[in-house]
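> quick one: sequence plus predicted model below, questions after.
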Amino acid sequence: MSFVVGLFAAVMFALLAPALQLMARARGWTLGAVMLLAIAAIVTHGLGVMLGIFVVPQFQYWDAASIFGFCVMGYVFAFGAVYKSVSLDILLSVIDRPERRAPLSDIVERQVPALFQGRIGNLVDGGLVEPVDSHFAATAAGRTMAGRVGQLRRAFGIGDTSLYDFSD
């Protein structure tokens, strides 16, 4: 029965997470999407544990938590795969056109710069880079973050992905 409680909590998460995302957009909240997912996970996990304690006579926390954690991780991985994917944005823009195709020059000249400007905007808003003349410079927080990302890449054996070559 504890597994059912974990599954029920995961279903609550799957309902609460998109509701929080919609409310955040509608009300102009400044919380990021990942923070909203974390809030949904904490709230629904807590509710699931309380439900288990009050409803299941021999509630097994780790049984419920394992099902909940597995389902939430699957949701978060799927969310992350489609959240700000440049490739999917390009695909969606091609599909949205009446002829369902776009010349490469149009994608490169119009869509890609807008996508990258959005990413730079996120970095500036996050305090990781700052505009300096016609360039961007990493802030102290940005350098710290880059160091941590480098450590994580080494820890996970992630090398240069060679997706982009910015030689200058």
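Perfect, thanks for sending it.

> contacts and neighbour counts: CA atoms only from here.
Will do.

> what does the pLDDT read for residue 97?
Residue 97 carries a pLDDT value of 86.

> could you do residue 162 as well?
55.

> and the one 3 residues further on, by the same measure?
Looking at residue 165, its pLDDT stands at 46.

> likewise for the one 3 residues further on?
In the prediction, the pLDDT value recorded for residue 168 is 44.

> in stretch 79-95, what counts as buried?
89-90, 94 (16 or more other Cα atoms under 10 Å).

> actually, stretch 14-28.
Buried-residue list, stretch 14-28, by 16+ other Cα under 10 Å: 14, 16-17, 20-21, 24.

> same deal with stretch 136-144?
Buried residues in stretch 136-144 (16+ other Cα under 10 Å): 138, 142.

> got the end-to-end distance for that stretch?
One end of stretch 136-144 to the other measures 16 Å (Cα to Cα, to the nearest Å).

> which residues does that stretch contact?
127-131 (Cα atoms under 8 Å, 6 or more residues apart in numbering).

> quick one: the strands in the chain?
Counting by DSSP state E, the chain has strands at residues 129-132, 135-138.

> tell me the helices and strands packed up against the first one.
Counting contacts by 3 or more Cα pairs under 8 Å, 6 or more residues apart in numbering; DSSP states H and E, strand 129-132 packs against helix 112-125, strand 135-138.

> recalculate using a threshold of 10 Å.
Packing partners of strand 129-132 (3 or more Cα pairs under 10 Å, 6 or more residues apart in numbering; DSSP states H and E): helix 112-125, strand 135-138, helix 140-155.

> helix 112-125 and the last one, what's the angle between them?
Spelled out, that is helix 140-155. Computed by axes from the mean of the first three to the mean of the last three Cα atoms, to 10 degrees, the angle separating helix 140-155 from helix 112-125 equals 110 degrees.

> kindly provide the distance from the residue nearest to the spatial centre of the chain to residue 71.
Centroid-nearest residue in the chain, with Cα atoms, centre = their mean: residue 80, separated by 4.1 Å. From residue 80 across to residue 71, the span is 14 Å (Cα to Cα).
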